[in-house]
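Trainee: Sequence plus the predicted model coming up.
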Amino acid sequence: TRLVSDWSSDVCSSDLHNHEGRNGVGERVAADTPISLSPNVDGQATVMPSYPVAASTVLRTQSSASAEPSTFLGYGASYTLGIGSMIAPAYEGAKKVMVGPVPYFDIKLFDDRVFLSAFNGLGADIVDVGAFQSGLAVNYKGGRTSSDSARLKGLSNIAGGVTAIGFVKYNFKPFSFGIKVENYVGQNSGTEVSFGITYFFAPLPQLRALIGSDVTWADSRYDRTYFGVSPLVAASATAEGNPLQAYSPGSGIKDVGLSATALYQWSKHWGLVSRFGLTDLIGNAAKNSPLTQQTVQPTFAFGIAYTL
């Protein structure tokens, strides 16, 4: 679950929601309209401050020129399945990295207005006017266990849970700007707000690329959950040989990030996707935490996807 949340944590490169299926001014393109792969055509997987590429976004755009488009109840639809591998920190602030498989599915219905994704959850565009979109979604965020790293020994586990998401996005070819608000529901509540910008380009006919940057703010509940240490927990960890000081952070800017995503499609249905991300925990809540071993957090992912 940790690796899946890391793959999807890049609002500026995924598609909550995307430009695909729209022309240069953000207007929707009919499902049976072929979309060129030239660099000046806006047909990318995008954007919100910090999510990874949704391979289907690019794959479906290219394949639409040479295959009958899928439909659902008379509306445009797309279905993509894939699997990949990811290297990511064991937790926010960790030096240790984890490697694991990342399953992928992405379904878009009703001309891309409704989506169900392994990374972006279940959601829909509520407002969709020209180049402007806004909507709501629900997703799942993975937790953290004390066995993930020696630095977490003696700490309580953080259970995974549901998140409620609101997003707005504006597309201005070849850029896309987005804001996302994500609230963690349940015992480990907290809120993150992210702003991001993405630039899309297509250097080769079969190759599409995204470069994104984002900044994230977190409230005190989030920071205390993931970076804080209560006096009781500090005493417990110290007794188990992991000396920690009590720490109660407040709200503030959490991190800034850069990412680069590329998708190469070698056939009508098959494509390869890769992503490199670099996040810097610049906020005091993370930098001053006794749990933070390293503020610069690199991630790398590589996968294969098939679009029906």
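Mentor: Cool, got the structure.
Trainee: Report the beta-bridge partners for Gly303.
Mentor: Beta-bridge pairing for Gly303 (DSSP bridges): Gly84, Val273.
Trainee: Count the residues that sit near it.
Mentor: Gly303 has 23 neighbours, counted by other CB atoms under 10 Å. Bear in mind the C-beta positions are built from the backbone N, C-alpha and C, glycine included.
Trainee: Please shift the residue numbers so they start at 210 in all later answers.
Mentor: In the new count, where the first residue is 210, that last one comes out as Gly512.
Trainee: contacting residues for it?
Mentor: Residues near Gly512 by CB atoms under 8 Å, 6 or more residues apart in numbering: 264, 291-294, 311, 313, 481-483.
Trainee: nearest to Ser326, of the residues you listed?
Mentor: Checking those against Ser326 with CB to CB, the nearest one is Tyr313 at 8.3 Å.
Trainee: which residues sit in contact with the residue lying farthest from the centre of the chain?
Mentor: Relative to the C-alpha centroid of the chain, counting by CA atoms, centre = their mean, Ala448 is the outermost residue, at 37.5 Å. Contacts of Ala448 were listed using CB under 8 Å, 6+ apart, and they are Gly363.
Trainee: For Val377, see how far away it is.
Mentor: 48 Å (CB to CB, to the nearest Å).
Trainee: show me where this protein has strands.
Mentor: With DSSP state E applied, the chain shows strands at 279-281, 284-298, 306-318, 323-326, 330-338, 341-350, 370-381, 384-393, 399-413, 416-427, 461-474, 479-489, 505-516, listed in chain order.
Trainee: Determine how far the fourth one lies from the middle of the whole chain.
Mentor: The offset between the C-alpha centroid of strand 323-326 and the centroid of the whole chain comes to 14 Å, using CA atoms, centre = their mean, to the nearest Å.
Trainee: For that strand, name the packing helices and strands.
Mentor: Strand 323-326 is packed against strand 306-318, strand 330-338, with contacts defined by 3 or more CB pairs under 8 Å, 6 or more residues apart in numbering; DSSP states H and E.
Trainee: Just the angle for the last one relative to strand 341-350, thanks.
Mentor: Relative orientation of strand 330-338 with respect to strand 341-350: 170 degrees, computed using axes from the mean of the first three to the mean of the last three CA atoms, to 10 degrees.
Trainee: Need the contact partners of strand 330-338.
Mentor: With CB under 8 Å, 6+ apart as the test, strand 330-338 has contacts from 225-226, 237, 321-325, 342-349, 372, 374.
Trainee: could you flag which of the residues you listed are buried?
Mentor: Buried subset of the contacts of strand 330-338 (neighbour count, 16 or more other CB atoms under 10 Å): 225-226, 321-325, 342-344, 346, 348-349, 372, 374.
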